[in-house]
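Q: what's the 3D shape of this:
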Amino acid sequence: MRNASPLPLAVLQIFEEVSSEFPGAAEVTHEPGEGGLTLVHLAPARNSAAPISAAVEPDGSRVYLSIGRTTPLEIDGEGGSFTDLSSLDEIREIIRQVVQGNFEETVWSKGDTIVKAIGILTLKGQRVRIRFESLEGGPLTWIRQAFTATRKEQHRYTSYA
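A: Numbering: from 1, shown residues only. I've put the predicted structure just below:
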């Protein structure tokens with residue numbers, strides 16, 4: 001049996017550290033998830049700021065972030081997924097940039113289903129584009145959605161403070 005990684009606790013500490021830079025501007029919560037995942041959430045007090053959630057693999061191999069309404073990021077346990085930083089420093093930088101309001105997102109929905117999203121995050125002075133497209137539902141759902149109007153929403157999130 002493999003030992004549990006210290007990464008889940010370290011990610012929770014990063015969320016708490018960044019949140020503490022803006023007292024009263026957000027609430028950090030955590031809970032166990034399915035399959036041994038650790039779930040961490042940063043909920044801003046302002047509705048105009050982007051929420052952030054993380055799901056951390058128990059062995060520390062991956063951290064999955066969700067920013068705003070639906071933009072997903074996958075951070076390798078070794079780091080370097082979006083920057084040249086270690087995984088913990090990369091996660092800290094991503095969270096800090098979102099908290100400072102350096103994130104925007106365009107979301108396309110059909111009914112209540114998000115079918116596509118493009119998030120733009122500023123990291124180390126560079127704009128990083130993150131794309132999500134839903135493949136859920138299979139061919140029958142895709143045919144039904146083809147005849148449903150698509151709604152496009154743009155979100156320019158504000159800082160937490």
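Q: elements contacting the lengthiest strand in the chain?
A: If you go by DSSP state E, the chain has its longest strand at strand 113-123. Where contact means 3 or more C-beta pairs under 8 Å, 6 or more residues apart in numbering; DSSP states H and E, strand 113-123 is packed against strand 71-76, helix 87-99, strand 103-110, strand 126-133. For glycine as for every other residue, the C-beta is placed from the backbone atoms N, C-alpha and C.
Q: show me the shaky parts of the chain.
A: Within the chain, the segments meeting pLDDT under 70 span 1-5, 79, 135-148.
Q: what's the domain layout of it?
A: Domain segmentation of the chain under automatic domain parsing yields 7-101, 104-156.
Q: first-to-last residue distance for the last one?
A: Across its full length, domain 104-156 reaches 4 Å end to end, with C-alpha to C-alpha, to the nearest Å as the criterion.
Q: that one: how far from the chain's middle?
A: 14 Å (C-alpha atoms, centre = their mean, to the nearest Å).
Q: quick test: name the residue nearest the centre of this structure.
A: Ser66 (2.1 Å; C-alpha atoms, centre = their mean).
Q: that one sits in which helix or strand?
A: strand 62-67 (DSSP states H and E).
Q: correct me, but Leu39 touches Pro58?
A: No - between Leu39 and Pro58 there is no contact under C-beta atoms under 8 Å: 11.8 Å.
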